[in-house]
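# how would this look folded up:
(one chain, ligands or ions: 1)
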Amino acid sequence: MELYYYTLFWISIMGLCMGSFFNVVILRSLANESIVFPPSKCPNCQNRLYWWHNIPVLSYLLLGGKCYFCKKKISIQYPTIEILTMIAYAATFIKFGFDIKTLFVLAWVSGFIIMTVTDLKEKLVDCNIAIFIAILGLFYNFITLGTYGLLSSFGGLILGALVLEIIARSGYLVAKTRAMGEADTYVAGALGAIVGVKYILPVLLYALIASMIFIVPMFLYNQLKLNNKKVCILSILFILSALIFKTLVQNYWSLAFLFITGLLLAFSILKSIRQEQNRNYLPYVPALVVGALYFIFFSINF
Ligand SMILES: [Zn+2]
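You can find the predicted model right below:
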């Protein structure tokens, strides 16, 4: 028991340090710099940091969230990622304990964190990370910890990538461009390699549900900013009719109302996507990651 808490403590500390390292990876991969060589410096004044400026979370608090030299505010992103990584690492150990599985999940979660942040921040995802996750997934299933086997892992990889690629290319039908980035295909393939051919579709479904929660409000916000009143009003009507159908009146009339507002909304969204200026990139990797995390941590099949 004591060993358990001792390990949990050190894995949490390791999470903090890895989070700090991920910040560097994220910053430098977005700036196309070497990850290992240059010593840390302030992105604003270029002064080299002292060792005590690099302690996860603690340095941020000690420095009051400002650069020691130029007093420019340090982004809240740094301590946030450090704490998130710590929580993710601790949760992984709590869930899987002293098991080789824990090591694999730690590696996957690390890749997920980096890809999510770069996708949200700069709409850029390093496909090499997805490839790394996929190789680990294949290896994991090869040593049959996953009990799915190598064949299922390969099948999952192909099916995951295929589904996302088809969705991405369906964009050509409406807008003469890919509906999603190439990274999404890589990430879906990587998730397939982890969960196998049998469970990749449920994971993609979880991702779709997660994306509804993230992406729909973002899409509506963008429409509002572009002053696209029609989509906004129709969305409100659609949500209202869904609520009415779900809680108050359940008959053919309310169902018809729901159906019609849904149809009109879908049409007006398609129409606005056709117009160039309304086409804004929506990050999908975070949704895929949420779907995968949900499966890894809450499904009895993992
Ligand atoms: Zn500075």
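# make it CA atoms for all contacts and neighbour counts henceforth
Will do.
# Quick check: nearest residue in space to residue 155, chain neighbours excluded?
residue 197 (5.0 Å; Cα to Cα, 6 or more residues apart in numbering).
# now do residue 235
Nearest-residue entry for residue 235: residue 265, 6.4 Å, with adjacent residues in sequence omitted and distances by Cα to Cα, 6+ apart.
# Run through the residues that contact that neighbour.
Going by Cα atoms under 8 Å, 6 or more residues apart in numbering, residue 265 touches 231, 234-235, 238.
# With pLDDT, neighbour count and secondary structure as added columns, please give those residues in JSON lines.
Output for the contacts of residue 265, formatted as JSON lines (pLDDT from 0 to 100; neighbours: other Cα atoms under 10 Å; DSSP: H, G, I helix; E, B strand; the rest coil):
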{"residue": "231", "pLDDT": "80", "neighbour count": "22", "secondary structure": "helix"}
{"residue": "234", "pLDDT": "85", "neighbour count": "19", "secondary structure": "helix"}
{"residue": "235", "pLDDT": "83", "neighbour count": "21", "secondary structure": "helix"}
{"residue": "238", "pLDDT": "86", "neighbour count": "21", "secondary structure": "helix"}
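# The ion versus residue 150, what's the distance?
To the ion, residue 150 is 50 Å away according to Cα to the ion, to the nearest Å.
# nope, residue 60 is what I was after
13 Å.
# So whatever residue of the stretch 51-200 of the chain ends up closest to the ion: helix, strand or coil?
In the stretch 51-200 of the chain, the residue that lies nearest the ion is residue 70 (4.2 Å; Cα to the ion). Following DSSP: H, G, I helix; E, B strand; the rest coil, residue 70 is assigned to coil.
# which residue packs closest to it, ignoring adjacent ones?
Nearest non-adjacent residue to residue 70, counting by Cα to Cα, 6+ apart: residue 45, 6.3 Å away.
# model confidence over stretch 13-22, on average?
On average, the pLDDT along stretch 13-22 is 95.
# residues in contact with that stretch?
Outside of stretch 13-22, the residues within contact range by Cα under 8 Å, 6+ apart are 54-57, 78-79, 81-90, 114.
# neighbours around residue 74, how many?
When neighbours are defined as other Cα atoms under 10 Å, residue 74 has 18 of them.
# mind checking pLDDT for it?
Turning to residue 74, the model gives it a pLDDT of 89.
# which one among the contacts of residue 265 gets closest to the ion?
Using Cα to the ion, the contacts of residue 265 come closest to the ion at residue 231, 44.1 Å.
# and that closest one, how far is that from residue 213?
Separation of residue 231 from residue 213 (Cα to Cα, to the nearest Å) stands at 18 Å.
# residue ranges with poor pLDDT in this structure?
For the chain, the stretches with pLDDT under 70 are 34-38, 145-147, 273-281.
# State which helix of it is the longest.
Counting by DSSP state H, the longest helix found in the chain is helix 2-30.
# Past it, which element shows up next along the chain?
Where DSSP states H and E defines the elements, the next helix or strand beyond helix 2-30 is helix 58-62.
# Now do the buried residues in that following helix.
Judged by neighbour count using 16 or more other Cα atoms under 10 Å, the buried positions of helix 58-62 are 59-60.
# between whichever helix or strand comes after it and helix 2-30, how many degrees?
Once the chain leaves helix 58-62, the next helix or strand it forms, by DSSP H and E, is helix 77-96. Here helix 77-96 runs at an angle of 140 degrees relative to helix 2-30 (axes from the mean of the first three to the mean of the last three Cα atoms, to 10 degrees).
# Flag every buried residue along helix 77-96.
Buried-residue list, helix 77-96, by 16+ other Cα under 10 Å: 78-83, 85-93.
# go on, stretch 241-252?
Under 16+ other Cα under 10 Å, the buried positions of stretch 241-252 are 241-242, 244-245.
# Would you mind writing the CA trace of that stretch as PDB?
Output in PDB follows, covering the C-alpha atoms of stretch 241-252 (Å, rounded to 0.1, in the frame of the first residue of the first chain):
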ATOM      1  CA  SER A 241     -37.900  22.200 -30.900                       C
ATOM      2  CA  ALA A 242     -35.600  19.400 -29.700                       C
ATOM      3  CA  LEU A 243     -36.200  20.600 -26.100                       C
ATOM      4  CA  ILE A 244     -39.900  20.700 -26.600                       C
ATOM      5  CA  PHE A 245     -40.000  17.300 -28.200                       C
ATOM      6  CA  LYS A 246     -37.800  15.800 -25.400                       C
ATOM      7  CA  THR A 247     -39.600  17.300 -22.500                       C
ATOM      8  CA  LEU A 248     -43.000  18.800 -23.200                       C
ATOM      9  CA  VAL A 249     -45.000  17.500 -26.200                       C
ATOM     10  CA  GLN A 250     -44.200  14.200 -27.900                       C
ATOM     11  CA  ASN A 251     -46.500  13.900 -30.900                       C
ATOM     12  CA  TYR A 252     -46.400  14.100 -34.700                       C
END
